[in-house]
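# what follows is a predicted protein model with its sequence.
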Amino acid sequence: MKVFVTTLLLITFAWPAAAQEARRRWEMERQIRLDKFEQVLPRAMRDNGIDMWIVAVKENHYDPLWRDLGRGYVTGIGYYVFTDRGTARIERAALGPGGYLLAESGAYDTIAPASTLAAYVKARDPKRIGLNMSEEIGPADGLTVTMLAHLQRTLGETYAARFVTAEKLVADFRSHRVAAEIVAFGEAAGIAIQLTERALSNEVITPTKTTLEDVAWWMQDRLLARALGSEFDMPSVYITGPAGIVATSSNRIIQPGDVIMIDWGVQLMNFGTDVKRVAYVLKPGETTPPKSIQSAFDKALSVRDVVKTAITVGVRADETMKRMDEALRAAGFGVIEFNKPNDDDKTDVTYGFHPVGNTGHDIGPSLTTWQPLQSTFVMHAQHIFSFEYFAYTRIPEWGGAKLRIPIEDDAILTDSGIQFLHPANYRLLVIK
């Protein structure tokens, strides 16, 4: 009985704090939404020539932007409708979605039944209607084939002929960040870094005993305890050796002399981060990492300042990548394809500066080769992206094989240059 009462008291006293945290997170998302609807959405619609943007959802089948737009409970079918009527403010309607969180958000001028959609559209007579359809950008491709057919029937041939893709609108809406987004994302990124560095320490790892999957599950448990999500499912905890990656998040036991990395992201308040950290496991008798390993890490860090100056506002992403390549070569680095280092003494570099934000691989301008459409977008201020690259340096003890050092931090592009949203990596972690 005593144990039961004690447990009940603990639950009772813990509840207000939990409730306050839930409200705090919701209020931050609410503020982000209000600021983006007011300041980002008008430009995103007008720059892309879209008079009306319709985001359709079904019960238990939400669009990827559902949380961005305010959530809301949907029975059957619902729509978020945004109309440019020529004023400074975009008109907003939630037709179908409802409930406390949506009503209290203050984001919508109209909350009405889904059955009013046809009359609502006809009264505004938009010339171009943007729908979330995209071949390349996942978060802008939420419209299903059956929902498209439904909209065609509901609105009729006149308005169906005016449907266009909203993929660039969605990319602009998400990637132009307001201040509250930067604060919220920075909080998530800070947690990711904190947990990563704890995971790569003797708090978690005992060499010759701890497995890679032990470390990954420890990280998952920390997220569970804090009501957070994992952006890339199981954290990638891996060992790199002379032949490349040895094992990832497996039952492989961590040994002295291992070079160990973690690549993962934290989900918080509709944001997902993407960061990496690197550690060396000391061998018996060692007090510091071998000079060759430390030198490879230091050379990797030196890449950061070389490429930072090549990234500026107002330049297309693909053109920016050419500038980055030129800067690297001028600084004496090799520029290579992923995991194809040159057989020479240079430190080789490959990079993938992809967008981050609402997801670990988000939408917006992309300094990568694997997001071709996004590489045609112009780099703009307040764009959040992963400052991710890999540097390959020869290790004499490995018979001349090159060690791949991954560096990845989350950054934001400003008119003054690149700034980091958390402490950027500057040290090789050491596990005893």
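Thanks, I have it.
# quick one: Arg85 from Leu328, how far?
49 Å (CB to CB, to the nearest Å). Yep, even glycine has a C-beta here, placed from its N, CA and C like the rest.
# who has more neighbours out of these two?
Comparing Arg85 with Leu328 by other CB atoms under 10 Å, the one with more neighbours is Leu328, at 23 against 11.
# show me what the helix or strand hosting the more buried one is in contact with.
Secondary structure assignment for Leu328, by DSSP states H and E: helix 317-330. With contacts defined as CB atoms under 8 Å, 6 or more residues apart in numbering, helix 317-330 is touched by 303, 306-307, 309-312, 315, 334-335, 349, 351, 365-367, 374-379.
# drop anything exposed from those.
Listed as buried from the contacts of helix 317-330 are 303, 306-307, 310-311, 315, 334-335, 349, 351, 365-367, 374-375, 377, 379; burial here means 16 or more other CB atoms under 10 Å.
# which of these fall within helices?
Those of those mapping onto helices are 303, 306-307, per DSSP state H.
# list just the nearest of those to Gln255.
Val303 (28.4 Å; CB to CB).
# pretty sure that closest one contacts Ile407?
Yes. Using CB atoms under 8 Å as the test, Val303 is close enough to Ile407 to be in contact (7.2 Å).
# mutual contacts of these two, please.
Joint contacts of Val303 and Ile407 (CB under 8 Å, 6+ apart) are 389, 391.
# and stretch 307-319, how far out from the chain middle?
20 Å (CA atoms, centre = their mean, to the nearest Å).
# quick one: the helices in the stretch 101-250 of the chain?
With DSSP state H, counting those that start in this stretch as the criterion, the stretch 101-250 of the chain has helices at 117-124, 145-160, 167-175, 179-199, 212-225.
# export those to JSON lines and tack on mean neighbour count, distance to Trp26 and mean pLDDT?
Putting the helices of the stretch 101-250 of the chain into JSON lines (neighbours: other CB atoms under 10 Å; distance: least, CB to CB, whole Å; pLDDT from 0 to 100) gives the following:
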{"stretch": "helix 117-124", "mean neighbour count": "16", "distance to Trp26": "27", "mean pLDDT": "98"}
{"stretch": "helix 145-160", "mean neighbour count": "14", "distance to Trp26": "27", "mean pLDDT": "98"}
{"stretch": "helix 167-175", "mean neighbour count": "24", "distance to Trp26": "19", "mean pLDDT": "98"}
{"stretch": "helix 179-199", "mean neighbour count": "20", "distance to Trp26": "12", "mean pLDDT": "98"}
{"stretch": "helix 212-225", "mean neighbour count": "17", "distance to Trp26": "19", "mean pLDDT": "98"}
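# flag the shaky bits of the chain, pLDDT-wise.
By pLDDT under 70, the low-scoring segments of the chain are 1-19.
# does the most centrally placed residue in it sit in a helix, a strand or a coil?
Nearest to the mean C-alpha position of the chain, by CA atoms, centre = their mean, lies Gly360 at 2.5 Å. Look at Gly360: counting by DSSP: H, G, I helix; E, B strand; the rest coil, its state is coil.
# that one against Asp274, yeah?
Yes. Between Gly360 and Asp274 there is a contact under CB under 8 Å: 4.1 Å.
# overlap in contacts of those two?
Joint contacts of Gly360 and Asp274 (CB under 8 Å, 6+ apart) are 231-232, 265, 386.
# filter the residues you listed down to just the buried residues.
231-232, 265, 386.
# and those residues, which of them are in strands?
Ser386 (DSSP state E).
# looking at the buried ones among the shared contacts of Gly360 and Asp274, which is nearest Ile239?
Nearest to Ile239 among those, with distances taken as CB to CB, is Phe232, at 18.0 Å.
# distance of that closest one relative to His383?
21 Å.
# neighbours around Gly49, how many?
Neighbours around Gly49, by other CB under 10 Å: 13.
# residues contacting it?
Gly49 touches Arg128, counting by CB under 8 Å, 6+ apart.
# so which strand or helix has it?
With DSSP H and E as the test, Gly49 turns up in no helix or strand.
# got the phi and psi for it?
With angles defined as degrees, to the nearest 10, Gly49 sits at phi 60, psi 40.
# quick one: it and Leu131, what's the gap?
For Gly49, the distance to Leu131 - CB to CB - is 14 Å.
# likewise Ala149?
Taking CB to CB, one finds Ala149 at 12 Å from Leu131.
# next: Asp63.
10 Å.
# who touches both of those two?
Common neighbours of Asp63 and Leu131 (CB under 8 Å, 6+ apart) are 56, 143.
# rewinding a little: how about the helices of the stretch 101-250 of the chain in a markdown table, adding distance to Pro396?
What follows is the helices of the stretch 101-250 of the chain, written out as a markdown table (distance: least, CB to CB, whole Å):
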| stretch | distance to Pro396 |
| --- | --- |
| helix 117-124 | 69 |
| helix 145-160 | 58 |
| helix 167-175 | 44 |
| helix 179-199 | 29 |
| helix 212-225 | 27 |
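# between these, which one is closest to Tyr426.
Of the helices of the stretch 101-250 of the chain, nearest to Tyr426 by CB to CB is helix 179-199, at 11.6 Å.
# got the angle for that closest one vs helix 167-175?
With axes from the mean of the first three to the mean of the last three CA atoms, to 10 degrees applied, the angle from helix 179-199 to helix 167-175 works out at 70 degrees.
# start the count at 665 instead of 1 going forward.
Sure, I'll start counting at 665 from here, so that last one is helix 843-863.
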